[in-house]
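Trainee: Output the structure for:
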Amino acid sequence: MKKHEYEKQLRDLQLALLRMQQSMMKTGERAVVVLEGRDAAGKDGTIKRITEHLTARATRVVALPKPSDVQLGQWYFQRYVDHLPTSGQLVIFNRSWYNRAGVEVVMGFSTEAQQAEFLRDAPDFERMLVESGIRIVKIWLDIDKSEQKERLEARKDDPLKALKISDMDQVAQVRWKAYSKARDTMLERTHTPLAP
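Mentor: Numbering: from 1, shown residues only. Next up is the predicted model:
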């Protein structure tokens with residue numbers, strides 16, 4: 001896409017987001033965007049574009065660190081419930097409860113029983129959110145293996161991307177097929193008419 005076409009399309013989409021937020025603030029509607037994807041697929045850049053012209057009063061981005069010992073002892077979804085939107089608010093999860101079906105599967109951070117429980121319970125959890133009036137938009141960003149490798153390598157040499165480097169980057173390429181399999185299972189098992 002040519003740069004001027006991209007900029008026009010981006011402006012049109014950002015205007016639509018702005019109108020949506022104005023309507024949400026007026027009506028009290030609540031929305032959650034769950035943004036997931038492979039490492040280096042562009043989650044942070046996407047969030048930057050989504051939020052660029054929205055008001056901070058009614059927009060929150062949630063990027064949770066690894067769970068604490070207390071959170072590990074709680075109901076899995078509990079730490080996410082605390083961040084759900086109130087009236088007129090948009091909340092964007094930069095990674096979310098779907099960690100249980102992705103990185104935790106590939107890296108062995110949870111048991112097979114916990115993973116099966118998640119795949120069973122996530123559609124019910126999301127149904128409860130939708131039935132309580134929260135609109136859910138789930139987005140998966142993908143990237144091909146060679147582009148991911150290039151972007152991960154570029155992070156190492158760019159001091160402005162120092163905070164983007166993680167231990168997980170080391171295995172993103174090595175476990176490409178495992179991540180693909182986990183993604184496919186997650187999408188298949190959690191896609192519902194209420195929260196596609």
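
Trainee: Kindly list the longest helix within the protein.
Mentor: helix 3-27 (DSSP state H).

Trainee: then the next helix or strand after that one to PDB, C-alphas only?
Mentor: Using DSSP states H and E, the helix or strand that directly follows helix 3-27 along the chain is strand 30-37. The C-alpha trace of strand 30-37 is given here as PDB (Å, rounded to 0.1, in the frame of the first residue of the first chain):
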ATOM      1  CA  ARG A  30     -18.300  -0.700  27.600                       C
ATOM      2  CA  ALA A  31     -15.900  -2.500  25.300                       C
ATOM      3  CA  VAL A  32     -12.800  -4.700  25.600                       C
ATOM      4  CA  VAL A  33     -10.300  -5.300  22.900                       C
ATOM      5  CA  VAL A  34      -8.200  -8.400  23.400                       C
ATOM      6  CA  LEU A  35      -5.000  -8.000  21.400                       C
ATOM      7  CA  GLU A  36      -3.000 -11.200  20.900                       C
ATOM      8  CA  GLY A  37      -0.400 -12.300  18.500                       C
END
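
Trainee: Partner strands of strand 30-37 and their direction?
Mentor: Neighbouring strands of strand 30-37 in its sheet, by DSSP bridges, are strand 90-94 (parallel), strand 134-141 (parallel).

Trainee: May I see the buried residues of stretch 22-32?
Mentor: Neighbour counts over stretch 22-32 (16 or more other C-beta atoms under 10 Å) mark 24-25, 29-32 as buried. Where C-beta positions appear, they are placed from N, C-alpha and C, glycine not excepted.

Trainee: I should have written stretch 99-119 there, sorry.
Mentor: 99-107, 110, 115, 118-119.

Trainee: follow-up on the earlier one: which pair of the buried residues of stretch 22-32 spans the longest distance?
Mentor: 25 and 32 (15.9 Å; C-beta to C-beta).

Trainee: burial of residue 94, as a residue count?
Mentor: 17 (other C-beta atoms under 10 Å).

Trainee: Now it: closest residue in space that isn't a chain neighbour?
Mentor: Once flanking residues are discounted, residue 94 sits nearest to residue 63: 4.0 Å by C-beta to C-beta, 6 or more residues apart in numbering.

Trainee: which helices and strands does the helix or strand of the chain with the lowest mean pLDDT pack with?
Mentor: Least confident helix or strand of the chain, by mean pLDDT, DSSP states H and E, is helix 169-172 with a mean of 86. If you count contacts as 3 or more C-beta pairs under 8 Å, 6 or more residues apart in numbering; DSSP states H and E, helix 169-172 packs onto helix 145-157.

Trainee: what's next to the helix it packs on, contact-wise?
Mentor: 38-41, 143, 161, 164-165, 169, 172-173, 176 (C-beta atoms under 8 Å, 6 or more residues apart in numbering).

Trainee: just to revisit the earlier point, please tell me I have it right and the residue nearest to residue 94 contacts residue 96.
Mentor: No - the pair residue 63 / residue 96 is not scored as a contact, 9.6 Å apart, by C-beta atoms under 8 Å.

Trainee: Between the two, which has more neighbouring residues?
Mentor: residue 96 (22 against 13).
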